[in-house]
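Q: coordinates only, sequence not included:
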């Protein structure tokens, strides 16, 4: 796997974990804000560099399929997701829904730009 693929796979995976509120290195008070930014990034239809759609395209993943699967999985299933599973296509994102729906897909008008989410993610994860 080339370094760019590894980078964007990890960005996508961290966004999924941020949305689920798991595997976070951020202070507890910052988690709701990080979850809001991750949700807005994943729900965005923007396809500019650094966006969810652009990231999925770079990884040869269909953004709508990934989005649907993320919102249909439980926190436990999302927590078990690994970078290698995500990129190799054997991930739980492609399987049937197992267990209760834990994350709700919502429309948001407070949509950060891709760079805002990436900046927030970097700041919150590095400051803990």
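A: Structure's in. What do you need? Keep in mind it's a predicted model, so treat the numbers as computed, not measured.
Q: so where does residue 49 fall, helix or strand?
A: Under the criterion DSSP states H and E, no helix or strand holds residue 49.
Q: Ramachandran angles for it?
A: Backbone torsions of residue 49, given as degrees, to the nearest 10, read phi -50, psi 130.
Q: Please spell out which residues along the helix or strand residue 7 falls within are buried.
A: For residue 7, the host element (DSSP H and E) is helix 3-20. By neighbour count on 16 or more other C-beta atoms under 10 Å, the buried set for helix 3-20 is 8, 9, 11, 12, 13, 14, 15, 16, 17, 18, 19, 20. Every C-beta, even on glycine, is put in place using the N, C-alpha and C of the backbone.
Q: ditto for stretch 68-75
A: 69, 70, 71, 72, 73, 74, 75.
Q: Any idea how many residues pack against residue 27?
A: If you count neighbours by other C-beta atoms under 10 Å, residue 27 ends up with 11.
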